[in-house]
Structures are given as structure tokens and as C-alpha cells.
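A.B. asks: A structural model of the following input is requested.
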Amino acid sequence: MRAPTRKMTKLPVFLALASTFHSVLATPTSVKPSSDDENDTPLPVVIWHGLGDTFSAEGLQSVGSLVEKVNPGTLVYYVRLDESPSNDRTATFYGNVTEQLAKVCDDLAAHPILSTAPAIDAVGFSQGGQFLRGYVERCNYPPVRSLVTFGSQHNGIVDYKACSAADWLCKGAMALLHGNTWSSWLQSRLVPAQYFRDPQDLDSYLEHSNFLADINNERKEKNETYAKNIASLENFVMYLFDDDTTVIPKETGWFEEVNGTEVTPLRARPIYSEDWIGLKTLDRKGGLKFKTTPGEHMRLSDEVLEEAFTEFFGPYKGASKEVQVQDEL
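C.D. replies: Residues are numbered from 1 along each chain as shown. A predicted model of the protein is given here:
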């Protein structure tokens, strides 16, 4: 689930950028212009890594270097659940996702620069992508302008590819995942179990899921704030890996439902047609993007990343570009 490994370059210090951003938004769930829309300082970028990775990994740091290369002066923030890289990696397997997400919400809201920016951009790799989506839905302060996810499990998983022979942390987690997925103990402690979703056993999922069933608004009681916050995005960009055999099914990266050999596209599902989390509203204003990239899970080229960072990140004035509202699909 790791970001690609590249040569690491040292990022500059960005404390001086604090003065270029304006006061905290009155309503943190939407992106609003500051009084200095023409400021060419890029919005900060928040990066959340995937399962088995850590915030300090060379590959992830090199992604941040690419962000800064494309948009010089960008403050890059790496989400971490612990300042110890080893503990941060362990937290990708074990922990309560709801509690982890609450910590990230607090960390970003307390950050001296992020909390004063008019908005931020965000990129999530694998499970970090749906966790960042959860951030948008549940707190969104500072508010996200563009969210880019790579191989994320937005519609859950039914299995994971076997762990490497030497990765005992992964092996232990996967053994638990297949042991008693729906126990309250596991749903509050094993991270992948909290986005496990079997279309052939939706009753158990809806009753016991600690995380995914909530942020996908699949239960009877809907959280209107979730839909409002997703709809407030300028862009929600979902990359699917063409040859992904790690995330099962790979189509989860586009919110597609895979039940055996039957694949139901997002736009044919109730989560879209009834706009449970704001995807339809976002799509109608041109902000929902479906993209593919060659290769296996997390096998990313610099070219793909640079293209995404060029198109969707950068100065805040980019948020002022008009979008054509599409006819209802």
C-alpha cells in the first residue's frame, strides 16, 4: 500500500507563509474566497499514507517533493497518528478509525498554518484516501478544496492480497480480518475490518461496521452534513489502478458495487441517485472525476502524480474558476 519510492529532496520551511493566509472561515465546511484571491501562494497539501506505510517513508516524502516541484512554495503536511514512525505504521493496522480520524481533525484544526489557510488540498493513498474523505465529511476544518485519492477503498473490501512472507504485522491483521470480522472487539481495533464490506452480507455490515457504513451514509438515518461537505468540494478525483490485485475489488476506488461477476457503476447505485453523501451534487457541477493509471496497486509514475498536482492543486485563485453545471444525469 506504500507510495512509490523516489529520490527525497528537502522541503523548505514554511512558517513565513502564515502571514499570507487570512482569518479562519466562519463556516469551515465550505471553501470560500479570502480577500486576496489573486495571491499566488499555493494552498497547503495534506497527504495521508496507506496500510503498512508511515509518514516518514522515503517514498511518501518524495511525493511531497513532487508537490513542491509542481507548485513551489507549497506547505506539505504528512498525516501521522504517532510521532514514532514504527507506531505510526502499527496504527495503519490496529486502532479505532473513528478515534484516529478525530485525532487528525484536531491536529489539522490546531496547526498554526493549516488552520488559517482559506482551504487545503489533500491526497490519500489507498486507505488514506477514504480516511481523508471521512475527514471532509466529519469535520472539514480547515476545508478541503480538491481531494485526490489513489486506489482507495471507497466502497469497502471483501479481501486483501496475501501479505509478504516477512510482514508479521500484516499477517496477524489479515488473520484477524478473516476470523471474526463483525465482533465489536475487532471493529474497534482492526483497521481493515472497519472498511470490510461484503455485498452478500450487508445486514451484518450495516449493523456492525464501525466506520465505512457511517461515512457512506448507508444506514437508514442519514447525516446531511456528510453530503453537504462532499458537495462543497471543488474536485473529488478518484484514481483506479488498472492491474490492482491488492485491493479486492479494485472497482471500490470508484464506489462501484461488485457482487460476484456483476459490477454496478456508481451512477446506477442508490448512494449516487439518492445523493447520500453529495456525490451526485458534486458530479452535476463537474467536480467528480474518474481516472485510471496503469499498473499494480501504488505503482505510480512521477508523470501521473505531477499531472494530478498540476491540474488540481496550486494557488487559491484556481478555486474561482467557473464550472459548467451539467444537466441532471
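A.B. asks: Could you use CA atoms for every contact and neighbour count after this?
C.D. replies: Will do.
A.B. asks: I'd like to know how many residues surround the closest residue to residue 197 other than its chain neighbours.
C.D. replies: Sequence neighbours aside, residue 156 is the residue nearest to residue 197 in space, at 5.0 Å (criterion: CA to CA, 6 or more residues apart in numbering). Residues contacting residue 156 under the criterion other CA atoms under 10 Å number 30.
A.B. asks: In terms of pLDDT, where does residue 156 sit?
C.D. replies: Note for residue 156: predicted pLDDT of 97.
A.B. asks: Who are the contact partners of it?
C.D. replies: Applying CA atoms under 8 Å, 6 or more residues apart in numbering to residue 156 gives the contacts 195-198, 212, 252.
A.B. asks: From residue 182, how far out is it?
C.D. replies: Taking CA to CA, to the nearest Å as the criterion, residue 156 is separated from residue 182 by 14 Å.
A.B. asks: which SSE is the residue nearest the centre of the chain in?
C.D. replies: The residue lying closest to the centre of the chain (CA atoms, centre = their mean) is residue 129, at 2.2 Å. Secondary structure from DSSP states H and E places residue 129 in helix 127-138.
A.B. asks: any weak-confidence spans in the stretch 151-300 of the chain?
C.D. replies: Scanning the stretch 151-300 of the chain for pLDDT under 70 picks out the ranges 161-162.
A.B. asks: Would you map the helices across it?
C.D. replies: Applying DSSP state H, counting those that start in this stretch to the stretch 151-300 of the chain gives helices spanning 168-177, 184-187, 202-208, 212-215, 224-231, 270-273, 279-284.
A.B. asks: Could you dump the ones you listed into CSV with mean neighbour count and distance to residue 139 added?
C.D. replies: Below are the helices of the stretch 151-300 of the chain laid out as CSV (neighbours: other CA atoms under 10 Å; distance: least, CA to CA, whole Å):
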stretch, mean neighbour count, distance to residue 139
helix 168-177, 15, 28
helix 184-187, 17, 22
helix 202-208, 15, 23
helix 212-215, 22, 12
helix 224-231, 22, 9
helix 270-273, 16, 21
helix 279-284, 22, 17
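A.B. asks: now those helices in JSON lines, with distance to residue 97?
C.D. replies: Converted to JSON lines, the helices of the stretch 151-300 of the chain look like this (distance: least, CA to CA, whole Å):
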{"stretch": "helix 168-177", "distance to residue 97": "15"}
{"stretch": "helix 184-187", "distance to residue 97": "9"}
{"stretch": "helix 202-208", "distance to residue 97": "14"}
{"stretch": "helix 212-215", "distance to residue 97": "10"}
{"stretch": "helix 224-231", "distance to residue 97": "17"}
{"stretch": "helix 270-273", "distance to residue 97": "22"}
{"stretch": "helix 279-284", "distance to residue 97": "23"}
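A.B. asks: tell me the phi and psi of residue 47?
C.D. replies: The phi and psi torsions at residue 47 (degrees, to the nearest 10) take the values phi -120, psi 130.
A.B. asks: What distance do you get for it to residue 290?
C.D. replies: Taking CA to CA, one finds residue 47 at 20 Å from residue 290.
A.B. asks: more neighbours, the two?
C.D. replies: Taking other CA under 10 Å, residue 47 and residue 290 do not tie; residue 47 has more neighbours (25 against 11).
A.B. asks: residue contacts, that one?
C.D. replies: By CA under 8 Å, 6+ apart, residue 47 lies in contact with 64, 76-79, 122-124.
A.B. asks: same deal with residue 127?
C.D. replies: Residue 127 is in contact with 49-51, 151-153, counting by CA under 8 Å, 6+ apart.
A.B. asks: try 6 Å
C.D. replies: 50, 152 (CA atoms under 6 Å, 6 or more residues apart in numbering).
A.B. asks: Also residue 288?
C.D. replies: By CA under 6 Å, 6+ apart, the neighbours of residue 288 are 236, 282.
A.B. asks: Who does it form a beta bridge with?
C.D. replies: Counting by DSSP bridges, residue 288 is bridged to residue 236.
A.B. asks: Just confirm residue 123 is within a helix.
C.D. replies: No. Counting by DSSP: H, G, I helix; E, B strand; the rest coil, residue 123 falls outside a helix, being strand.
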